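Peer 1: My questions are about this predicted structure, shown below with the sequence.
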Amino acid sequence: MHNKKRCGWAEGASELDQKYHDEEWGVPVHDDRTWFEFITLEGAQAGLSWTTILHKREGYRKAFADFDCVKVAKFTEAKQLALKENPQIIRNTLKIKSTVTNAQAFIKVQQEFGSFNDYIWQFVGNKPLVNQWQNSADVPVSTAMSDALSKDLKKRGFKFIGTTICYALMQATGLVNDHTTDCFCYKKD
């Protein structure tokens with residue numbers, strides 16, 4: 001695997017980052033629990049490196065009920081305060097609180113659309129958008145589509161979901177395929 005060509009951000013990266021790039025990044029997500037996990041992790045990543053979040057991912061799974069949005073939506077103020085002392089997650093009060101707020105908003109989206117998956121895939125016409133970036137420098141940090149997604153999620157009560165976070169979410173979950181054309185993970189369709 002070490003001789004495979006990867007996207008620029010994954011070349012020479014840690015083994016954890018390369019495994020994430022090779023096995024998860026850009027793979028279409030259709031499971032609501034996974035959607036909630038990525039919304040939580042992308043929001044937690046704001047201002048930090050994705051590597052930091054990957055190292056804390058297991059801690060997040062334990063701290064946030066394996067990303068069960070129904071359980072997280074019921075986290076009390078006391079539970080949130082206790083999480084602030086947990087070194088296995090990002091101990092930012094606003095990010096912890098936003099995870100609970102987002103769980104509540106997530107449930108409302110599920111109730112309205114049948115699933116969060118059905119809601120979010122409509123932003124790309126229900127199939128991944130395949131970009132053809134030659135190198136990582138060409139890849140945008142946001143698009144009109146991530147602007148629209150961010151605006152709609154904010155309207156629905158989600159927090160830590162600006163356009164840059166939304167675009168990273170879209171990339172991570174395969175709504176868009178931003179593997180560069182020379183990357184072994186790039187697929188034209």
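Peer 2: Nice, thanks for sending it over.
Peer 1: ok, the residue nearest the centre of the chain to Lys155 distance?
Peer 2: Centroid-nearest residue in the chain, with C-alpha atoms, centre = their mean: Phe38, separated by 3.2 Å. From Phe38 across to Lys155, the span is 20 Å (C-beta to C-beta, to the nearest Å). All C-beta spots, glycine's among them, are computed from the backbone N, C-alpha and C.
Peer 1: Run through who's touching stretch 83-101.
Peer 2: Stretch 83-101 is touched from outside by 40, 43-44, 46, 48, 52-53, 56, 58-60, 62-64, 72-73, 75, 80, 157-160, with contacts defined as C-beta atoms under 8 Å, 6 or more residues apart in numbering.
Peer 1: ok, 10 Å please
Peer 2: For stretch 83-101, the surrounding residues in contact (C-beta atoms under 10 Å, 6 or more residues apart in numbering) are 36, 39-41, 43-48, 52-53, 55-64, 67, 69, 72-77, 79-82, 105, 157-161.
Peer 1: again, but for stretch 44-54
Peer 2: Taking C-beta under 10 Å, 6+ apart as the rule, stretch 44-54 contacts 9, 13-14, 16-17, 19-21, 24-25, 40-43, 55-57, 60, 64, 89-90, 92, 94-96, 98-99, 160-162, 164-165, 168-169, 172.
Peer 1: any idea how far it is from the chain center?
Peer 2: 11 Å (C-alpha atoms, centre = their mean, to the nearest Å).
Peer 1: Buried residues, that stretch. List them.
Peer 2: By 16 or more other C-beta atoms under 10 Å, the buried positions in stretch 44-54 come out as 44-46, 50, 53-54.
Peer 1: Could you do stretch 140-159 as well?
Peer 2: Buried residues in stretch 140-159, counted by 16+ other C-beta under 10 Å: 142-143, 145-146, 149-150, 152-153, 158-159.
Peer 1: Alpha carbons of stretch 128-145, in PDB - could you do that?
Peer 2: Extracted in PDB, the C-alpha atoms of stretch 128-145 (Å, rounded to 0.1, in the frame of the first residue of the first chain):
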ATOM      1  CA  PRO A 128     -22.000  11.600  -5.600                       C
ATOM      2  CA  LEU A 129     -20.600  14.600  -7.400                       C
ATOM      3  CA  VAL A 130     -17.300  13.500  -9.000                       C
ATOM      4  CA  ASN A 131     -14.800  16.300  -9.300                       C
ATOM      5  CA  GLN A 132     -11.700  16.100 -11.500                       C
ATOM      6  CA  TRP A 133      -9.000  17.900  -9.500                       C
ATOM      7  CA  GLN A 134      -5.500  17.500 -10.700                       C
ATOM      8  CA  ASN A 135      -3.900  18.200  -7.400                       C
ATOM      9  CA  SER A 136      -5.000  19.100  -3.800                       C
ATOM     10  CA  ALA A 137      -4.300  22.800  -4.300                       C
ATOM     11  CA  ASP A 138      -7.200  22.900  -6.800                       C
ATOM     12  CA  VAL A 139      -9.800  21.500  -4.200                       C
ATOM     13  CA  PRO A 140     -12.000  24.300  -2.800                       C
ATOM     14  CA  VAL A 141     -12.700  24.700   0.900                       C
ATOM     15  CA  SER A 142     -16.400  25.500   0.200                       C
ATOM     16  CA  THR A 143     -18.800  25.700  -2.700                       C
ATOM     17  CA  ALA A 144     -22.200  27.100  -3.400                       C
ATOM     18  CA  MET A 145     -23.600  23.700  -2.500                       C
END
